[in-house]
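Trainee: Predicted model and sequence follow; I will ask about them next.
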Amino acid sequence: MSPTPKDRIEAFIDLIKYQPFIFLDENRVDLKQQIDKFPEDLESLSNAISSWCVKHPDIFTALRDKLDSLDRMLVSTLIGKQKGPAQSNPKPQPKDYKTLLKNQVRESFPETTSETTKEQKPSDTSK
C-alpha cells in the first residue's frame, strides 16, 4: 500500500513530536522558515513536506521508515480486524493539517535564538 497524503503529513508530524533529535538546528531553522510557505490542501502540503525532506536525507529516511512501519501496522490491523481506541477520536479536517504541523513545530522546537539563550542564563550574583 502506498501512503496517502494524510499518512505522510501525520507521519511527519509524529517525527517532529517523537523524534525531534533527528532535526539538526539548521533543519529546524529551515523548516520554521519554510512552513508558512507550505500550501493548505492535503496533497500539496504532503508534496511540500516530501520535497523538503528530500533536501534533508536523514529526515527523509526517518519519514520513509515511519511510513513503512505504519503500513505494516495497518496490514496487521486489517488482517487481525483489531479495533483501536483511536477510531473514536474525531479525525482532523484537511484544512487543519497545516495548523497541526505548525503547532507541533512550535511545541517541539522552541525558540533558541542567541538572545533567548542570553536571557535564560542566570547572572553571577556571587560578587
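Mentor: That came through, no problem.

Trainee: which residue packs closest to R8, ignoring adjacent ones?
Mentor: Closest residue to R8 apart from its sequence neighbours, by Cβ to Cβ, 6 or more residues apart in numbering: S46 at 4.6 Å. Yep, even glycine has a C-beta here, placed from its N, CA and C like the rest.

Trainee: what about E40, which SS state?
Mentor: Secondary structure, DSSP: H, G, I helix; E, B strand; the rest coil: E40 is coil.

Trainee: Pretty sure it sits against L100.
Mentor: No - in this structure, E40 is not within contact of L100 by Cβ atoms under 8 Å, at 11.9 Å.

Trainee: Count residues in the vicinity of the residue nearest to R8, would you?
Mentor: Using other Cβ atoms under 10 Å, S46 has 23 neighbouring residues.

Trainee: Helix or strand: which one has it?
Mentor: Applying DSSP states H and E as the criterion places S46 in helix 42-54.

Trainee: Give me the residues contacting that helix.
Mentor: Outside helix 42-54, the residues that touch it by Cβ atoms under 8 Å, 6 or more residues apart in numbering are 5-6, 8-9, 12, 30-31, 34, 37-39, 59-60, 63, 94, 97-98, 101.

Trainee: what comes up buried for that helix?
Mentor: Neighbour counts over helix 42-54 (16 or more other Cβ atoms under 10 Å) mark L42, L45, S46, A48, I49, S50, W52, C53 as buried.

Trainee: Report the buried residues of the lengthiest helix in the chain.
Mentor: Secondary structure of the chain per DSSP state H: the longest helix is helix 57-80. Buried residues in helix 57-80, counted by 16+ other Cβ under 10 Å: I59, A62, L63, K66, L67, L70.

Trainee: Following element in sequence after it, please.
Mentor: As assigned by DSSP H and E, the chain's next helix or strand after helix 57-80 is helix 97-108.

Trainee: Summarise which helices and strands that following helix is packed against.
Mentor: Applying 3 or more Cβ pairs under 8 Å, 6 or more residues apart in numbering; DSSP states H and E, one finds that helix 97-108 contacts helix 5-18, helix 25-34, helix 42-54.
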